[in-house]
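> Here is a sequence together with a model predicted from it:
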Amino acid sequence: MTERVRQILSCYESENPGVKASLARMLNHGTLAGTGRMVILPVDQGFEHGAARSFAPNPPGYDPHYHFRLAIEAGCNAYAAPLGLLEAGARDYAGEIPLILKVNNSDSLTSEREPNEAVTSSVGEALRLGCAAIGFTIYPGSAHQFEMFSQVRQYAEEAKRAGLAVVIWSYPRGSALSKEGESAVDVVGYAAQIAAQLGAHIIKVKLPTAFLEEAAAKKVYLEQKIPIGTQAERVRHITDCAFAGRRIVIFSGGAAVFDDNKLLDEIRAIKEGGGFGSIIGRNSFQRQRKDALKMLGEVMSIYEGK
Amino acid sequence: MTERVRQILSCYESENPGVKASLARMLNHGTLAGTGRMVILPVDQGFEHGAARSFAPNPPGYDPHYHFRLAIEAGCNAYAAPLGLLEAGARDYAGEIPLILKVNNSDSLTSEREPNEAVTSSVGEALRLGCAAIGFTIYPGSAHQFEMFSQVRQYAEEAKRAGLAVVIWSYPRGSALSKEGESAVDVVGYAAQIAAQLGAHIIKVKLPTAFLEEAAAKKVYLEQKIPIGTQAERVRHITDCAFAGRRIVIFSGGAAVFDDNKLLDEIRAIKEGGGFGSIIGRNSFQRQRKDALKMLGEVMSIYEGK
Amino acid sequence: MTERVRQILSCYESENPGVKASLARMLNHGTLAGTGRMVILPVDQGFEHGAARSFAPNPPGYDPHYHFRLAIEAGCNAYAAPLGLLEAGARDYAGEIPLILKVNNSDSLTSEREPNEAVTSSVGEALRLGCAAIGFTIYPGSAHQFEMFSQVRQYAEEAKRAGLAVVIWSYPRGSALSKEGESAVDVVGYAAQIAAQLGAHIIKVKLPTAFLEEAAAKKVYLEQKIPIGTQAERVRHITDCAFAGRRIVIFSGGAAVFDDNKLLDEIRAIKEGGGFGSIIGRNSFQRQRKDALKMLGEVMSIYEGK
Amino acid sequence: MTERVRQILSCYESENPGVKASLARMLNHGTLAGTGRMVILPVDQGFEHGAARSFAPNPPGYDPHYHFRLAIEAGCNAYAAPLGLLEAGARDYAGEIPLILKVNNSDSLTSEREPNEAVTSSVGEALRLGCAAIGFTIYPGSAHQFEMFSQVRQYAEEAKRAGLAVVIWSYPRGSALSKEGESAVDVVGYAAQIAAQLGAHIIKVKLPTAFLEEAAAKKVYLEQKIPIGTQAERVRHITDCAFAGRRIVIFSGGAAVFDDNKLLDEIRAIKEGGGFGSIIGRNSFQRQRKDALKMLGEVMSIYEGK
Amino acid sequence: MTERVRQILSCYESENPGVKASLARMLNHGTLAGTGRMVILPVDQGFEHGAARSFAPNPPGYDPHYHFRLAIEAGCNAYAAPLGLLEAGARDYAGEIPLILKVNNSDSLTSEREPNEAVTSSVGEALRLGCAAIGFTIYPGSAHQFEMFSQVRQYAEEAKRAGLAVVIWSYPRGSALSKEGESAVDVVGYAAQIAAQLGAHIIKVKLPTAFLEEAAAKKVYLEQKIPIGTQAERVRHITDCAFAGRRIVIFSGGAAVFDDNKLLDEIRAIKEGGGFGSIIGRNSFQRQRKDALKMLGEVMSIYEGK
């Protein structure tokens, strides 16, 4: 157990030993084991966008085993996916990589405008499959946000009692927010705060832009001169918003870019700003395996400070 | 136990022995026992369209025992029906054919536009009636889809704990989809993926057309040159969408056609494309018994490769 | 135990001995005991239309004991009423007549347009009051139909486990149906089918007219030349729709007619068509006791074949 | 135990000894003990209209203890109030007067038009506070009526099992009713019937006017010549509507009148018509204590027949 | 145990020893221990307005430990916060200050107009974290008010059984109220009454203005000449509305003012009017620590009567 991991775990002071052990399983696994940094492979795109849009660019990805192997070989800290995908590999790869069961999901077939998710799995299933954590998406700002928060309440309480860690994907979205506002630094900071207040152990947010969405917030950012000019400053601000660094905050980069320089620059900014790591989905599994391993290796090298 | 069935069961790696045994009961029953192919007789038309529309074309079908006998004599792998129909024959034909309790149902009397189903039975009832599986319909794309997914979540979890298999009828429908789009290959593939992600063991979808419904999906199909020109190619693509063949996908043909050549061509395409089988309702019970047995016999011969 | 009752009970093949005994209690009680026919006295009009509209035409009916005595003296097979009415006589007349607790109810004070009912009692209350069955109204076609079906699901499952029979009043109603359509033969047949599929042991429907409501159904009735010209033919068709005679179907006549010839003609048609009996409310309790006993006696004589 | 009380209790024939004892506690308490008549002090005005509107006219009423003492000293049969008010005196006055916990409540701050109530307490709380009964308000005719009936179902079943009596305040209200119709004799009679059917032991309704609201009912009242010309006749009709006198029906007088002659005339009419008593809130606690005691004494004298 | 605290506790006469002990923990902690007055530090601004708007004015406040230390060093009676904030300090400061877990919360990202809150924590979590009380916000007047009241019902009952005190933040809000009306003295008095009726032990309301919102109430205030001219008179009236002083009522001052004279004048009025204390959030943690300690010290000196 490194000093850094011990220090991170101490921030989760009120949790039982089971939860701490689950967090430790993730922090102490893979290439970044012990560094306090995390890179997680998430594969919920099949549910969110359909199988063809997700896997046709790299057809081996149709097979659930591919993602287990990719996460293991790349040295990720954990692999996150919905129920079906985990069921289809959890026994064959049991013990080889910490698993995060994504317990709610959405799809893109509906005409509904206020973002929402269906609860598709449970804490009981996470335990059955040997997971280290559950993952839950919330959409702060949606007309459905309060139902989602209340659902998190129930799932998180049950998960913690069972010694599982709780990961919240916090994505502000809804009719009160502009498209640009969804990744505005004030809004992302607010999203991180809400996830922390709901009791998340690990918080996943978008990498924020310098845009300021809300008038009342903008006033404060300008008056208080909160530094948000560089990506690293914005990352630091977001970790401040998540209990001043007492909660693990990791960042996603959105759609597949295929401009690895841009991607790696973002990683450098996250590291410099004190972010805890990344969650990299489409940029990992929508390219060929060898390219994915190369890219993920470079990402981890940056986090290791090599 | 044939090698093929053993191989199929191995794909359900995370399930308990009870679930595997239930899947095996179906795979090892009837004419196709041991081949890894399945033909299921479903009779939920009485609920969906009314008794007269369903059974007047072949009046013995008003009697629930008729369908048990038809499924048994035709050598089907399983018989699927709502609560009442199963209650009306489950003792007299106990042990003669694996049963699938269809636990949700709809009817055609309502003026509601967003497709929905009522939960009409339970896992407890399936156990009381000696079933091998529960069946659940979802309508991805409907305004009610998330409630349905959450209901599946609860039922599937309970069923698996009790050693029952889970069959999902996945029919995209709703105001965001065109009529043609309901059987578009991209949409059917998405439907298969969602069912797999929800933890289905057996997935029933419509036989897809070559139409592409969603703009974002169409772009990928064209760019990646996914082969969908022939029916067999489309079937293969759909099984890819269901975890690259790790989940049993079976196909329905829709309304009664009475053009058996067309029907048998479809079966050949399903076989050639690697589909696991068919679920044939109205084409079975809306013709006279001897004609139904003949047709089902031909279907099974194709799947057997005779 | 007569052969006919034994035969009827054998159709409920999957039920436990408790449910069969409850059905037998009703089939073997009163004037029609052992004949396989039933006449039930239902008194839920007080809830549905108010006390004065229900009982002022025959004021002794304000008193709950009146109806118990009427049902007993008339030799009915069972007496059906809401919670309050049964509570007000269940001890004094305990063991003298099988009781059916009507567990959901509606009233006519509301301005709501989609028909609905409130759940007003429970299986536990039915057991406390010594009932043989619970009664549940569904409105197929209503915007609330799926909630009602799901509620039946729960109540019926619990009732069967407790050895109670399940009676469903199946009345199609709602904005998709015309007023005339509510008693159209295709719609009533569909209603009987839905009740049977939901697991009802006894199904109560309206006596159907020769009208055909739904276009898709009309086409089938005409093409298949389903005989629906006479009342007896329509009754036979409805029992076909309820699992080809495997479920007890009884008929109501609607509002008080006071034209007993018409009423008795209907009974003859029900008998001739193979219907299992009648449920006669307002025509029983809205006339003087001696007239009611006379009329019910005549009805039973017809069913007895005297 | 007087003959009259014994007779009244015998009407609750299906209840367990605990419920009968709770009813007896109320019938045998205070000035009217043993007469079969009841006067109840209800204080839910603070919740319904706010503290100042309720208590400023007689400021000692701000203090919860005041109402306990008023009910005790006036010799009322019971004191009814919401959770908070009972909690604030239940220990100091334990055993001195039967308590009715009003378990649902409304307030007048909202802009909602369809009348509704919040469930604010429970059977468990009633037991903890030593109550003899729970009180529940329903609004027949409201768009929320069915939810309320279903809630009563659950609460009443639980209360009866625990040996508590059930009091229903039945106030028809909602967009289908005119203001005048809310106290029309047909509507009040219907309200009494619904409460009785829901299983109430004690039914509280408004003193009805001779107005007839509903067309279908009006026809019957006129045809059957139901006597409703005098207040006493209307009271008798209402008790008929509540199972022909088998249920305790008590009447409220509405807003504070301060015309005691009118109030006492109403009491005389209730007595003459066979009503079981009164529930007098604002007319009791919105005047000075000595005036309230005088007025309540006169009311009780009338009921005693002095 | 001082006489004053003993007297206050005696007002909670129906509560179990556990609840009384929890109230005593708060009343006997900090600078005001034993005086019967309370100053509570609440920090739910991060959830309500976002982290930057809440903490950028005094950046150490991003760290959850800061608020624990501030509350302890300032000698507050209790510290109130949502789940996440308490989890992030509850072990390190265990036993140093009574904690109130704020179990429901809102945020300002939504476009919804009727005020509402999400349930974000539970009684079980409050016990796990060693809290003395749960805190619950209600919005009387909102279209969601009845759901909130019913939720309080459930939480308060469970909390009391577990020996926890119940604090209700009662903020009238919603489309039926004007902005000015939200702090009108009639409305605030009504809010205090509702909270008391719901069973709150400690009631938090806004400091009321002399404005009168509701016509029906205004009439009574004027007729009865209720003294509301001075702030102290209004405070006294509000405590009257909360069971004539039998419930602890504390006041909030709203947004940060930074005009300490105004703030301290308000405290003097609360004291003079018999209010039990204050809950001071943004005015405490949005200024530098030494300024906050100075201000809170002055507030407490006023309450102590120094």
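Looks like it arrived, so ask away.
> Tell me the secondary structure at residue A:293.
Three-state call for residue A:293 (DSSP: H, G, I helix; E, B strand; the rest coil): helix.
> Check the spacing between it and residue D:299 real quick.
Using Cβ to Cβ, to the nearest Å, residue A:293 is found at 90 Å from residue D:299. The way it works is simple: take the backbone N, C-alpha and C, and place the C-beta from them, glycine included.
> Look at those two and report which has more neighbours.
Here residue A:293 and residue D:299 are compared on neighbour count by other Cβ atoms under 10 Å in any protein chain shown; more neighbours surround residue D:299, at 29 against 16.
> so who does the more buried one touch?
D:39, D:263, D:264, D:267, D:278, D:280 (Cβ atoms under 8 Å, 6 or more residues apart in numbering or on different chains).
> What is the nearest of these to chain A?
Chain A lies nearest to residue D:280 out of those, by Cβ to the nearest Cβ, at 42.3 Å.
> give me phi/psi at that closest one?
Backbone torsions for residue D:280, taken as degrees, to the nearest 10, come to phi -130, psi 110.
> What pLDDT is listed against residue A:211?
pLDDT for residue A:211: 97.
> That one sits in which helix or strand?
Under DSSP states H and E, no helix or strand contains residue A:211.
> do you know how far the residue with the largest distance to the centre of chain A is from residue A:240?
The C-alpha centroid of chain A is most remote from residue A:223, which lies 31.3 Å away (Cα atoms, centre = their mean). Distance of residue A:223 to residue A:240, given as Cβ to Cβ: 17 Å.
> before we move on, back to that, residues touching the residue farthest from the centre of chain A, list them.
So residue A:223 contacts nothing (Cβ under 8 Å, 6+ apart).
> Run through chain A and note the low-pLDDT ranges.
Residue ranges of chain A with pLDDT under 70: A:253-258.
> Which stretches in it count as helices?
Counting by DSSP state H, chain A has these helices, from start to end: A:3-11, A:17-27, A:45-49, A:51-55, A:64-74, A:83-87, A:123-128, A:145-161, A:185-197, A:215-223, A:231-241, A:260-272, A:282-285, A:289-304.
> Of those helices, flag the one that's most buried.
helix A:185-197 (a mean of 30; mean count of other Cβ atoms under 10 Å in any protein chain shown).
> check contacts around the residue of the stretch 151-300 of chain A found nearest chain C.
In the stretch 151-300 of chain A, the residue that lies nearest chain C is residue A:151 (20.9 Å; Cβ to the nearest Cβ). Contacts for residue A:151 (Cβ under 8 Å, 6+ apart) come out as A:104, A:119, A:136.
> So which of those residues belong to strands?
Among those, the members falling in strands (DSSP state E) are A:104, A:119, A:136.
> Test my guess that the last one contacts residue A:100.
This points to residue A:136. No. Counting by Cβ atoms under 8 Å, residue A:136 does not reach residue A:100; the two are 10.1 Å apart.
> so what sits against both of those two?
By Cβ under 8 Å, 6+ apart, residue A:136 and residue A:100 have these common neighbours: residue A:167.
> Give me the more crowded residue out of the two.
Under the criterion of other Cβ under 10 Å, the comparison of residue A:136 against residue A:100 puts residue A:100 first, with 28 against 25.
> Tell me the bridge partners for residue A:119.
residue A:104 (DSSP bridges).
> Could you check how many residues crowd around it?
Count around residue A:119 with other Cβ under 10 Å applied: 20.
> if I pick it, what's in contact with it?
A:103, A:104, A:151, B:149, B:150, B:153.
> if I look at it, how far off is chain E?
Separation of residue A:119 from chain E (Cβ to the nearest Cβ, to the nearest Å): 15 Å.
> Out of the helices of chain A, the one nearest residue B:65 is which?
helix A:83-87 (36.8 Å; Cβ to Cβ).
> do stretch A:123-138 and chain B meet?
Yes. Judged by Cβ under 8 Å from any Cβ of the partner chain, stretch A:123-138 comes into contact with chain B at A:124, A:125, A:128, A:129.
> can you check stretch A:46-58 too?
Yes. Counting by Cβ under 8 Å from any Cβ, chain B is contacted by stretch A:46-58 at A:46, A:47, A:49, A:50, A:51, A:52, A:53, A:55, A:56, A:57.
> neighbours around the residue nearest to the third one when sequence neighbours are not counted, how many?
Right, residue A:49. For residue A:49, ignoring the flanking residues on the chain, the nearest one in space by Cβ to Cβ, 6 or more residues apart in numbering or on different chains is residue A:108 at 5.7 Å. When neighbours are counted by other Cβ under 10 Å, residue A:108 registers 16.
> Tell me if I'm right that residue A:108 and residue A:54 touch.
No. Using Cβ under 8 Å, residue A:108 makes no contact with residue A:54, being 11.0 Å away.
> Now do the shared contacts for the two.
residue A:48.
> from the contacts of residue D:299, which are also near chain A?
The subset of the contacts of residue D:299 within reach of chain A, by Cβ under 8 Å from any Cβ, is empty.
> Which of these sits closest to chain B?
Taking Cβ to the nearest Cβ as the measure, residue D:278 is the one of the contacts of residue D:299 closest to chain B, at 46.9 Å.
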